[in-house]
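*Asks:* Sharing a sequence plus its predicted fold:
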Amino acid sequence: MKHKIVGKQKNSKLCFVCGMKNDLGLKAHFYATEGQELIALFKPCEEHQSYPGRLHGGVASAVLDETIGRAILNKYDTEVWGVTIELNVKFKKPIPLNEELKVVGRITKENNRIFEGTGEIYLQNGETAATAYGKYFKVPLERIADFDPEENEWKIIEKEDDPDEIEI
Ligand SMILES: CCCCCCCC(=O)SCCNC(=O)CCNC(=O)[C@H](O)C(C)(C)COP(=O)(O)OP(=O)(O)OC[C@H]1O[C@@H](n2cnc3c(N)ncnc32)[C@H](O)[C@@H]1OP(=O)(O)O
């Protein structure tokens with residue numbers, strides 16, 4: 001299925017998942033779809049392994065967590081922030097290193113205090129490698145961290161190969 005991309009989310013400086021200057025991080029890019037889902041693209045490397053050649057389950061969980069947690073940003077013009085209070089991940093297939101992976105996240109439930117969502121990691125052959133459910137507590141950014149957008153390089157990073165659509 002083709003997902004039409006309607007926008008790109010911001011990256012940060014040092015976040016393990018989205019920090020563009022975290023040399024050991026995943027440097028994932030996040031694309032909002034027409035269907036109000038969020039797709040992350042990332043390519044894990046040797047440093048992200050558990051057993052040789054296999055992505056660490058904790059790293060897979062981290063990218064699922066962030067993709068679901070960021071999906072809330074698609075819904076509003078102003079930024080709504082959350083912290084994870086629950087994450088349940090099912091690992092269905094080994095996830096290889098050194099190839100681009102796709103992660104999809106969406107919001108399934110929301111009230112004024114909490115939001116919930118689900119997500120999946122897809123292998124290049126289209127198989128679902130992991131699925132997750134996450135629950136997040138809405139917290140104003142100033143209560144989560146001392147976060148200066150400029151200092152933390154919170155901005156859209158445009159790439160020449162940013163996709164217009166993503167096939168999953
Ligand atoms: C947009 C970017 C996406 C980023 C994705 C990645 C996000 C992350 O990795 S965040 C890092 C990991 N998560 C954290 O650090 C969160 C740590 N936890 C906390 O800070 C606190 O527990 C916090 C802020 C969520 C709530 O604390 P506090 O404000 O003191 O509230 P507290 O009184 O304990 O609980 C408030 C309510 O939430 C409920 N609650 C708290 N924790 C949970 C939980 N894990 N599950 C269900 N309900 C919970 C409580 O039962 C309570 O309900 P009620 O008011 O009905 O009694």
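*Replies:* That came through fine.
*Asks:* what number of residues lie near Leu101?
*Replies:* Neighbours of Leu101 under the rule other C-beta atoms under 10 Å: 23. Where you see a C-beta, it was placed from the backbone N, CA and C, and this is true even at glycine.
*Asks:* if I look at it, how far off is the ligand?
*Replies:* Using C-beta to the nearest ligand atom, to the nearest Å, Leu101 is found at 18 Å from the ligand.
*Asks:* In contact with that residue, which residues?
*Replies:* Neighbour list for Leu101: 41-44, 95, 121-124, 129 [criterion: C-beta atoms under 8 Å, 6 or more residues apart in numbering].
*Asks:* Put together a markdown table for those residues, with neighbour count and secondary structure on each row.
*Replies:* Below are the contacts of Leu101 laid out as a markdown table (neighbours: other C-beta atoms under 10 Å; DSSP: H, G, I helix; E, B strand; the rest coil):
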| residue | neighbour count | secondary structure |
| --- | --- | --- |
| Leu41 | 18 | strand |
| Phe42 | 22 | strand |
| Lys43 | 13 | coil |
| Pro44 | 22 | coil |
| Ile95 | 25 | coil |
| Ile121 | 27 | strand |
| Tyr122 | 18 | strand |
| Leu123 | 17 | coil |
| Gln124 | 10 | coil |
| Ala129 | 21 | strand |
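*Asks:* could you show me where the helices are in this protein, in order?
*Replies:* 57-71, 141-144 (DSSP state H).
*Asks:* could you give the mean pLDDT of the first one?
*Replies:* Within the predicted structure, the mean pLDDT of helix 57-71 is 98.
*Asks:* Please enumerate residues in contact with that helix?
*Replies:* Outside helix 57-71, the residues touching it (C-beta under 8 Å, 6+ apart) are 9, 15-18, 26, 28, 30, 36-40, 42, 44, 48, 50, 82, 84, 87, 89, 91, 95, 103-107, 117-121, 129-130, 132, 134, 136.
*Asks:* Now restrict these to buried residues only.
*Replies:* 9, 15-18, 26, 28, 30, 37-40, 42, 44, 48, 82, 87, 89, 95, 103-107, 117-121, 129-130, 132, 134, 136 (16 or more other C-beta atoms under 10 Å).
*Asks:* and these near the ligand, which?
*Replies:* Gly82 (C-beta under 6 Å from any ligand atom).
*Asks:* Can you pull up the most central residue in the protein?
*Replies:* Thr67 (2.5 Å; C-alpha atoms, centre = their mean).
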